[in-house]
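Visitor: what would the 3D arrangement of this be:
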Amino acid sequence: MLEEFREGYPKILFFSSAHCAPCKPIEEILKRINISMFGKKLFIEKIDVEKNYKLTSSYKITSLPTIIVADRRLTVNIQEEDIIDAILYGFISSVKI
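Guide: Coordinates of the predicted model:
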């Protein structure tokens, strides 16, 4: 899920796990938002919390999926996909670089 970094766009850290049921649809939504709304210019780094314990610990991740954009954090717990689309787009768009 790593995308080529583009100047002026935020780096997104997407903390997930193979055992996290809501993580897969969130990953797909992030990909779709990146393509349709940002022209694949976002740099999205998927971080497996089970394989990257030090990084996970340093960001104090306690719930999955968690998305960090710049200094803002969002933990996704909503079930309706169309609402998640809007929330993620708004969250990512709100970050000033």
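Visitor: CA atoms of the least confident helix or strand in the chain by mean pLDDT as CSV?
Guide: The helix or strand of the chain with the poorest confidence is strand 72-75; it has a mean of 73 (mean pLDDT, DSSP states H and E). Listed in CSV are the C-alpha atoms of strand 72-75, where the atom choice follows Å, rounded to 0.1, in the frame of the first residue of the first chain:
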residue,chain,number,x,y,z
ARG,A,72,-3.8,14.1,14.1
ARG,A,73,-5.1,10.7,15.0
LEU,A,74,-8.3,8.9,14.0
THR,A,75,-9.5,5.5,15.2
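Visitor: from here on, call the first residue 223.
Guide: Sure thing, new numbering starts at 223, so read that last one as strand 294-297.
Visitor: off-centre distance for it?
Guide: Its chain's C-alpha centre lies 9 Å from the corresponding centre of strand 294-297 when counted by Cα atoms, centre = their mean, to the nearest Å.
Visitor: name every strand pairing with that strand and say which way it goes.
Guide: Next to strand 294-297 in the sheet, as set by DSSP bridges, lie strand 288-291 (antiparallel).
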